[in-house]
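Asks: Here is the input, now give the coordinates:
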Amino acid sequence: MARKLINPSALHPAPGFSHITISEPGTMAYLAGQLACAPDFSIIGGDDLGEQTKAAMRNVGIALKEIGASWEHVVRRTIYTLHPTEYQVITAAIEEVQGSTEHPAQTILGVTGLAVPGALIEIEVTVRLP
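Replies: Take a look at the predicted model:
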């Protein structure tokens with residue numbers, strides 16, 4: 001098998017995708033974009049971009065923990081947001097959750113909408129497994 005698919009129980013169900021794919025022999029992991037979603041698909045943080053960013057990052061953290069990785073193992077981050085010019089708000093929220101001002105390579109993309117109504121931001125990462 002060329003990959004291992006993982007769906008942490010602490011995250012919302014993954015309809016039509018997997019939250020995590022680990023490439024075999026297990027050196028890289030690809031985490032699906034995480035929204036500010038509670039397990040019941042409700043949006044955390046209302047219409048506050050900073051709060052939604054923190055909630056999305058906490059979901060990324062759940063996925064990282066599931067695969068035995070941490071923020072220092074993230075080698076790439078892609079952010080999709082309805083508010084791409086608010087990168088200072090996004091960065092401050094990310095730094096608060098990850099507890100560091102060190103960032104991997106990153107792209108912020110402005111989008112007109114995300115899969116769940118009310119979502120303002122989605123964050124996906126690529127991880128080099130420890």
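
Asks: Now do the helices in the protein.
Replies: Counting by DSSP state H, the chain has helices at residues 49-66, 87-98.

Asks: quick one: low-confidence ranges for this protein?
Replies: Applying pLDDT under 70 to the chain flags residues 1.

Asks: Distance to V116 and mean neighbour count for the helices of the chain - can I get that in CSV?
Replies: Using the backbone N, CA and C atoms, a C-beta is placed for each residue, glycine as well. Formatted as CSV, the entries for the helices of the chain read as follows, by distance: least, Cβ to Cβ, whole Å; neighbours: other Cβ atoms under 10 Å:
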stretch, distance to V116, mean neighbour count
helix 49-66, 11, 21
helix 87-98, 18, 17
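
Asks: As CSV, those helices with distance to G113 would be great.
Replies: CSV is the format used below for the helices of the chain (distance: least, Cβ to Cβ, whole Å):
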stretch, distance to G113
helix 49-66, 14
helix 87-98, 17
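
Asks: And the ones you listed: which comes nearest L35?
Replies: For L35, the closest of those is helix 49-66, at 5.7 Å, according to Cβ to Cβ.

Asks: Which elements pack onto the closest one?
Replies: Where contact means 3 or more Cβ pairs under 8 Å, 6 or more residues apart in numbering; DSSP states H and E, helix 49-66 is packed against strand 28-34, helix 87-98, strand 121-128.

Asks: would CSV of these with distance to L109 be doable?
Replies: Shown next, in CSV, are the helices and strands packed on helix 49-66 (distance: least, Cβ to Cβ, whole Å):
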stretch, distance to L109
strand 28-34, 11
helix 87-98, 11
strand 121-128, 9
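
Asks: Looking at these, which is nearest to T81?
Replies: strand 121-128 (4.4 Å).

Asks: hmm, who's touching stretch 71-80?
Replies: In this structure, residues lying in contact with stretch 71-80 by Cβ atoms under 8 Å, 6 or more residues apart in numbering are 33, 61, 64, 90, 98-100, 102-109, 111, 114, 121-130.
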